[in-house]
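[1] would you be able to build a 3D model of this:
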Amino acid sequence: MGEVESMSLWEAEGFWMRDNIHWPRPVHPLFVSYGLIPVEVGSARAFEEWSMLSVKYAYLVLHGYVFQSFEPIGGDTPPIMERFPFLFNLWRINPKLRSRVLGLEKFLKEKGFENHVHAWRDVWEPEAQRRLEPIRSFDRVNASLEELAHHLDQCYDFLCWAWNPHCKIVAIGMYFRERWVEVCKKLLNLTEFEAYELIQINDPAVFKATNHLLTLARRAAADPEVSDILSLPSEKALIRLSNTWFKKELDQFLDSEGDRPADSFEFDPTWREMPEMVLGIIKGLMESDDCLTEDSDFQAYRLQRINELRSTLTGEEREEFDVWLELAEQAQPLSEIHDYLLMNVPLSHTRYDAIEAGRRLVQEGILDCPEDTLFLYREELLSVLRGKYNLSSLKGLVAERKTEHTNNFSLVPPRTIGKMPAEPPWSVFPPIVAEMGKILMKQASLLEAPQGAQELSPEGELFGTPGSPGVAEGPVRIIHTAEEFHLVQEGEVLVCPLTTPTWTVLFPYVAALVTDSGGMLSHAAIVSREYRLPSVVGTINGTKILHNGQHVRVDGAAGKVQVID
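    Numbering: from 1, shown residues only. Got it, this is the predicted structure:
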């Protein structure tokens, strides 16, 4: 394919950035309906309620690859405004933009973020649990087709609601993190890395699933019968374990934690559907005596460091330090539980519904595979379930989309489409609004890495973004999917495209982490800091440049991977 023809595949109006950190692979049509459209709906509600300076998170899907942008209030900036920045003053006569700017000014002056710092714990989590109860208790196996369709509608409605608090949680974290960094720079001349380290309070939910698996692994290792069975291949072991305490405990674990996609944020099979994968993880943990809790040594150092720095301040400066420290500590921990409840659970149940519908369509000879329903958009699947779709054309449509989906994997999407809009001259806005705009732009930039090398430097170095401090050495183990988890050996350096909550079960026994995607505030960076695991994120091409078995040294603070041999 020629270069011109190749680029013609990626043409669109406006400016779009590839969302490689969440969806690095082509997505299914049903995920577009349930995983992306609700983001637009929920973010639009959140942005309006808090007067954010954007309409919504907008998504573009080209050949299965996901691109994102912030849809601006009033549409794209006219080119003339880039040539004459003073024209940005016209926000005062644009009714929609004026309303948002003045609304955001009011929200900030009334300490809107401070007032919502505990909203997840006090309001949104209880509401999520209440809304999820009928979704989780649904008996899909015995449900009618109309009941399946109704449950799919419940999942969709929940996801549209969920992205409202999710966007607000993200905004709260961004705001307080950046204000804290600014205070640390101004008062103490600290780097961003030093500022983040001071507020690194571990979220117990990060360790919950892994500790549960570690407990199971230790009990299994101490039980000769169970330990002997676990030496068999996972599929055979599951059969032999059917009447043991271990199987009962495993089932309880999957009931509470099993609605996690095994590999990514998309419609991948879940832990509940792949107990053999969870069994493989437990087998790998059987040699470990560790229990993951808050690192008391680090927390003692953190508190000592805070007291040392605080002692150098007096009066208003100390008061300012204390105020933002408390707020940043509350907003900093990455809440695994909110990702699990707001996204993993409803998306998993959407998948279960779709596959149950697919199973019935296979029985009737309408489809070939239960997962074929993932190649339908929401309205198509609902129409099929409600008897409003021409079933004779369904198999051909799915076959065409499956072929296209497979072919999409061979494409190489660009990182951006279109011309990046000019940053507005913030001076035209009220000072408090301008400050907020700069904060959000900077924090958003820290979620993903800006660029990456195509090969090692002459000195055998690969650079990325500092993720978690510390230096560690070990042989490289490149892992692309959760199905390869069993290959990881203790002491290896895990090199992967990205991490999700599922991947953190590997963190206790690898020496270090290197990822292709992500910035300083990505999942991989934040959670590796929780585990005190040295990491370098955002290498872009780490999985392509490094090779299994290479001995490397990972320097997390420097963002450097050094090949030793």
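[2] distance between the ends of stretch 221-238?
    From its first residue to its last, stretch 221-238 covers 16 Å (C-alpha to C-alpha, to the nearest Å).
[3] name the residues that touch that stretch?
    219-220, 240-241, 244-247, 275-277, 279-280, 282-283, 286-287 (C-beta atoms under 8 Å, 6 or more residues apart in numbering). Every residue, glycine included, has its C-beta placed from N, CA and C.
[4] switch the cut-off to 6 Å
    220, 240-241, 244, 246, 276, 279-280, 283, 286 (C-beta atoms under 6 Å, 6 or more residues apart in numbering).
[5] got any ranges where the stretch 351-500 of the chain has weak pLDDT?
    Counting by pLDDT under 70, the stretch 351-500 of the chain contains low-confidence ranges at 446-454.
[6] quick one: residue 305 and residue 555, what's the gap?
    Relative to residue 555, residue 305 is positioned 21 Å away (C-beta to C-beta, to the nearest Å).
[7] the two: who's more crowded?
    Legend: neighbour count by other C-beta atoms under 10 Å for residue 305 and residue 555, higher for residue 555 (18 against 13).
[8] how many neighbours does the spatially closest residue to the more buried one that is not a sequence neighbour have?
    Using C-beta to C-beta, 6 or more residues apart in numbering and skipping residues adjacent in sequence, the residue nearest residue 555 is residue 471, 5.1 Å away. Here the number of neighbours of residue 471 (other C-beta under 10 Å) works out to 15.
[9] begin at 51 from now on, thanks
    Fine by me, first position is 51 from now on; the one you just mentioned is residue 521.
[10] what's residue 521 sitting at in phi/psi?
    phi -120, psi 130 (degrees, to the nearest 10).
[11] now swap in the one 10 residues further on and tell me
    For residue 531, the backbone dihedrals are phi -140, psi 160 (criterion: degrees, to the nearest 10).
[12] distance of it relative to residue 74?
    Counting by C-beta to C-beta, the separation of residue 531 from residue 74 is 11 Å.
[13] please apply the same query to residue 179.
    If you go by C-beta to C-beta, the gap between residue 179 and residue 74 works out to 31 Å.
[14] out of these two, which sits in the busier spot?
    Taking neighbours as other C-beta under 10 Å, residue 179 and residue 74 compare with residue 74 leading, 19 against 11.
[15] list the contacts of stretch 397-408.
    By C-beta under 6 Å, 6+ apart, stretch 397-408 touches 80, 84, 185, 190, 198, 201-202, 205, 309, 317, 320, 417, 420, 422-423, 435.
[16] which is the next helix or strand following the helix or strand harbouring residue 367?
    Using DSSP states H and E, the element containing residue 367 is helix 365-381. Using DSSP H and E, the helix or strand that follows helix 365-381 in sequence is helix 386-389.
[17] for whichever helix or strand comes after that next one, buried residues please.
    Proceeding N to C from helix 386-389, the next assigned helix or strand is helix 395-413, under DSSP H and E. Neighbour counts using 16 or more other C-beta atoms under 10 Å place 395-412 of helix 395-413 among the buried residues.
[18] list the helices and strands the next helix or strand after helix 395-413 packs on?
    Per DSSP H and E, the first helix or strand lying C-terminal to helix 395-413 is helix 428-435. With contacts taken as 3 or more C-beta pairs under 6 Å, 6 or more residues apart in numbering; DSSP states H and E, helix 428-435 sits against helix 195-238.
[19] what angle separates the helix it packs on from helix 395-413?
    In terms of direction (axes from the mean of the first three to the mean of the last three C-alpha atoms, to 10 degrees), helix 195-238 departs from helix 395-413 by 150 degrees.
[20] now helix 195-238: mean pLDDT?
    In this model, helix 195-238 has a mean pLDDT of 95.
[21] ditto for stretch 333-346
    pLDDT averaged over stretch 333-346 gives 63.
[22] ok, which stretches of the stretch 501-615 of the chain are strands?
    511-513, 515-518, 521-528, 543-546, 562-565, 585-587, 601-605, 610-613 (DSSP state E, counting those that start in this stretch).
[23] correct me if wrong: the residue nearest to residue 605 contacts residue 602.
    No: contact criterion C-beta atoms under 6 Å: residue 521 and residue 602 do not qualify, at 11.1 Å.
[24] residue 147 in helix, strand or coil?
    Secondary structure, DSSP: H, G, I helix; E, B strand; the rest coil: residue 147 is helix.
[25] just the one 10 residues further on next, same as before
    State at residue 157, reduced to three classes by three-state DSSP: helix.
[26] for residue 326, what is the enclosing helix or strand?
    Using DSSP H and E, residue 326 sits within helix 325-335.
[27] so how far is that helix from its chain's centroid?
    23 Å (C-alpha atoms, centre = their mean, to the nearest Å).
[28] can you dump the C-alpha coordinates of it into PDB?
    What follows is helix 325-335, C-alpha atoms only, in PDB (Å, rounded to 0.1, in the frame of the first residue of the first chain):
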ATOM      1  CA  PRO A 325     -10.600 -19.600  35.900                       C
ATOM      2  CA  GLU A 326      -7.700 -21.600  34.400                       C
ATOM      3  CA  MET A 327      -5.800 -18.300  34.000                       C
ATOM      4  CA  VAL A 328      -6.400 -17.300  37.600                       C
ATOM      5  CA  LEU A 329      -5.300 -20.800  38.600                       C
ATOM      6  CA  GLY A 330      -2.000 -20.200  36.600                       C
ATOM      7  CA  ILE A 331      -1.500 -17.000  38.600                       C
ATOM      8  CA  ILE A 332      -2.000 -18.800  41.900                       C
ATOM      9  CA  LYS A 333       0.500 -21.500  40.800                       C
ATOM     10  CA  GLY A 334       3.000 -18.700  40.100                       C
ATOM     11  CA  LEU A 335       2.500 -17.200  43.500                       C
END
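[29] same for that helix, what does it pack against?
    Judged by 3+ C-beta pairs under 6 Å, 6+ apart, the packing partners of helix 325-335 are helix 254-272, helix 284-290.
[30] for the ones you listed, give me CSV that also has mean pLDDT and mean neighbour count.
    As requested, the helices and strands packed on helix 325-335 are exported to CSV (pLDDT from 0 to 100; neighbours: other C-beta atoms under 10 Å):
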stretch, mean pLDDT, mean neighbour count
helix 254-272, 82, 19
helix 284-290, 89, 15
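[31] tell me which of those sits nearest to residue 561.
    Of all these, it is helix 254-272 that lies closest to residue 561, at 16.8 Å by C-beta to C-beta.
[32] I'd like the next helix or strand past that closest one.
    Going down the chain from helix 254-272, the next helix or strand is helix 274-280, by DSSP H and E.
[33] may I see the buried residues of that next one?
    Going by neighbour count (16+ other C-beta under 10 Å), the buried part of helix 274-280 is 276, 279-280.
[34] repeat that for stretch 460-467.
    By 16+ other C-beta under 10 Å, the buried positions in stretch 460-467 come out as 463-464, 467.
[35] again, but for stretch 519-528
    Going by neighbour count (16+ other C-beta under 10 Å), the buried part of stretch 519-528 is 519-520, 522, 524-528.
[36] what's the answer for stretch 60-74, then?
    60, 64-74.
[37] pull the most distant pair out of the contacts of stretch 271-288.
    For these, the maximum inter-member distance is 17.4 Å, found between 294 and 330 (C-beta to C-beta).
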